[in-house]
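[1] dropping a prediction and its sequence here:
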Amino acid sequence: MELFEVYKLWDIEPVRGLGTTLWDKDGVEYTDLYGGHAVISIGHCHPHYVKMLSEQLGKLGFYSNAVQNGLQKELARRLGHISGYDDYKFFLCNSGAEANENAMKLASFDTGRSKILAFSKAFHGRTSGAVSATDNPKIQSPFNKTDHVDFVPLNDAAAVEKALATREYAAVIIEGIQGVAGIYEPTDDFFRTLRELCTRYGTRLIVDEIQSGYGRSGLFFAHQRSGIRADLITVAKGIGNGFPMGGVLIAPDFKAQYGMLGTTFGGNHLACTAALAVLDVMENEHLVENAARIGDYFQKAFEGDKAIQEYRGRGLMIGLELKEEYIGLRDRLLFEKHFFTGAAGAGVIRILPALSVSEETAAAFVKAWRELTAIKA
């Protein structure tokens, strides 16, 4: 049997990591400024993370959600405290797409409505409901196409109000910062207007913080810069530092009913241990503050850079839109300078490193960038 090939793969196989460094099977060293799609939040193989997971595996790896699990309760308490959402409830699942599916389902249960409003260029996942709310027809099968989701332009308050005034929408779903699209931000004023419109028309506000959350923007959640509070917040990626995990933070006025949501593997003992280890490291090593500091360093370093059409993002969620003559730079950064970065199409390089990345590593990347752009790609 062979793999079903759905990815175009580089001929590189990482086999070991530490912090922001990776080594491939041939011993070649790379610097990781992508974290496997913003998943690695505290660095590869952090000693505290490895210790906690190893110890838990020696006790109990899994049991079903039919019994008490104190690790889940401890995680909910800790996450509420660090995020500023102490009074919310927490539902645990396995991925970001699953978190978004459950958030949209909760909003529909709560309002009795069936429609979702999403935004141009949005990405919310690849499962059935999540991909229906994703603005990319290339990844929607005929089965996924639905009349229950509509799209409006990001930051267009008038278009939102026109839709919500029909009182047909269970929820608006919006990313704290659009990631896959190439790092586009809702403005603070738009977030505040969106919150007011959702309240006025009885529509629930879902903020997808799967990529932009967990400290990446320099705040715990990106939407917090605007001062609003969402009804539902979805998390994944950085929550487990590579251990598959997702969750939904749920406003206290939602009413739970037994059986309305469920999961086999969500919130298992290993997943919760991974998430608790992540929070330990984030707090002890002040990683949210570090994300803001290194983000400021990158922004200043790339100001006026000749290869960049536009610098977008906050903290360590950065999009570098390249001028046309420099398209192809990402491959050169990888194969000539050994820096992993991400992309949004051919023209945008995404920088999404572990929140623990040092200024020394950031400076080394800027140096490598300058060396390559001295000669056009």
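    On my side now, so go ahead.
[2] gap between the most centrally placed residue in the chain and Ala158?
    Residue closest to the mean C-alpha point of the chain, counted by CA atoms, centre = their mean, is Gln211 at 1.1 Å. Separation of Gln211 from Ala158 (CB to CB, to the nearest Å): 27 Å. Any C-beta I mention is one placed from the backbone N, CA and C, and that applies to glycine too.
[3] now do Glu185
    19 Å.
[4] starting at the chain centroid, how far to stretch 212-230?
    Chain-centre distance of stretch 212-230: 11 Å, with CA atoms, centre = their mean, to the nearest Å.
[5] ok, stretch 164-184 next?
    Here stretch 164-184 is found 14 Å from its chain centre; the criterion is CA atoms, centre = their mean.
[6] what of stretch 122-136?
    Worked out by CA atoms, centre = their mean, stretch 122-136 lies 14 Å from the chain centre.
[7] how far does it stretch from start to finish?
    Stretch 122-136 has an end-to-end distance of 8 Å (CA to CA, to the nearest Å).
[8] from here on, count from 784
    Taking 784 as the first residue, the last one we looked at is stretch 905-919.
[9] please enumerate the helices of the stretch 934-1083 of the chain.
    Along the stretch 934-1083 of the chain, counting by DSSP state H, counting those that start in this stretch, helices occupy 940-947, 971-983, 1052-1067, 1070-1084.
[10] list the contacts for Ser824?
    By CB atoms under 8 Å, 6 or more residues apart in numbering, the residues touching Ser824 are 818, 997-999, 1020-1022, 1024, 1061, 1065, 1070, 1137-1138.
[11] let's go with 7 Å and repeat that
    Contacts for Ser824 (CB atoms under 7 Å, 6 or more residues apart in numbering) come out as Tyr997, Gly1021, Asn1024, Val1061, Ala1137, Leu1138.
[12] how many neighbouring residues does the first one have?
    It refers to Tyr997. By other CB atoms under 10 Å, the residues close to Tyr997 number 32.
[13] list the contacts for Tyr952?
    Residues near Tyr952 by CB under 7 Å, 6+ apart: Arg896, Lys898, Ile899, Leu900, Ala946, Thr986.
[14] same thing but 6 Å
    Neighbouring residues of Tyr952 by CB atoms under 6 Å, 6 or more residues apart in numbering: Lys898, Leu900, Thr986.
[15] for the residues you listed, which one is nearest Phe1122?
    Phe1122 lies nearest to Leu900 out of the contacts of Tyr952, by CB to CB, at 38.2 Å.
[16] quick check: beta-bridge partners of that closest one?
    Here Leu900 shows beta-bridge partners Asp933, Val955, assigned using DSSP bridges.
[17] quick check: the residue nearest to the centre of the chain touching Ala821?
    Yes - with contact defined as CB atoms under 6 Å, Gln994 and Ala821 form a contacting pair (4.9 Å).
[18] quickly list what's touching both of those two.
    Shared contacts of Gln994 and Ala821 (CB under 6 Å, 6+ apart): Lys1020.
[19] any weak-confidence spans in the stretch 984-1133 of the chain?
    Of all residues in the stretch 984-1133 of the chain, none has pLDDT under 70.
[20] quick one: terminal-to-terminal distance for stretch 996-1007?
    With CA to CA as the measure, stretch 996-1007 spans 10 Å from end to end.
[21] and the contacts of it?
    Contacts of stretch 996-1007 (CB under 6 Å, 6+ apart): 824, 866, 959-960, 974, 990, 992, 995, 1008, 1018, 1021, 1070-1071, 1074-1075, 1078, 1097-1100, 1138.
[22] one more pass at 7 Å, please.
    Residues outside stretch 996-1007 that contact it (CB under 7 Å, 6+ apart): 821, 824, 865-867, 959-960, 974, 990, 992, 995, 1008, 1013, 1016, 1018, 1021-1022, 1065, 1070-1071, 1074-1075, 1078, 1097-1100, 1138.
[23] give me the buried entries from those residues.
    Buried by 16 or more other CB atoms under 10 Å: 821, 824, 865-866, 959-960, 974, 990, 992, 995, 1008, 1013, 1016, 1018, 1021-1022, 1065, 1070-1071, 1074-1075, 1078, 1097-1100, 1138, out of the contacts of stretch 996-1007.
[24] mind listing what's buried along stretch 848-855?
    By neighbour count on 16+ other CB under 10 Å, the buried set for stretch 848-855 is Asn852, Leu854, Gln855.
[25] chain center to that stretch, what's the gap?
    Using CA atoms, centre = their mean, the offset of stretch 848-855 from its chain centre is 26 Å.
[26] what of stretch 1125-1132?
    17 Å.
[27] equivalent analysis for stretch 810-820, please.
    With CA atoms, centre = their mean, you get 18 Å for stretch 810-820.
[28] could you pull up the mean pLDDT of it?
    The predicted model gives stretch 810-820 an average pLDDT of 97.
[29] can I get it in PDB? Just the C-alpha atoms.
    Provided in PDB are the C-alpha atoms of stretch 810-820 (Å, rounded to 0.1, in the frame of the first residue of the first chain):
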ATOM      1  CA  GLY A 810      22.000  15.500   9.700                       C
ATOM      2  CA  VAL A 811      21.400  18.800   7.900                       C
ATOM      3  CA  GLU A 812      20.400  21.600  10.200                       C
ATOM      4  CA  TYR A 813      17.500  23.900   9.600                       C
ATOM      5  CA  THR A 814      15.900  26.900  11.400                       C
ATOM      6  CA  ASP A 815      12.200  26.500  11.700                       C
ATOM      7  CA  LEU A 816      10.300  29.800  11.300                       C
ATOM      8  CA  TYR A 817       7.000  28.100  10.400                       C
ATOM      9  CA  GLY A 818       6.400  25.700  13.200                       C
ATOM     10  CA  GLY A 819       4.500  23.300  11.000                       C
ATOM     11  CA  HIS A 820       1.600  25.700  10.200                       C
END
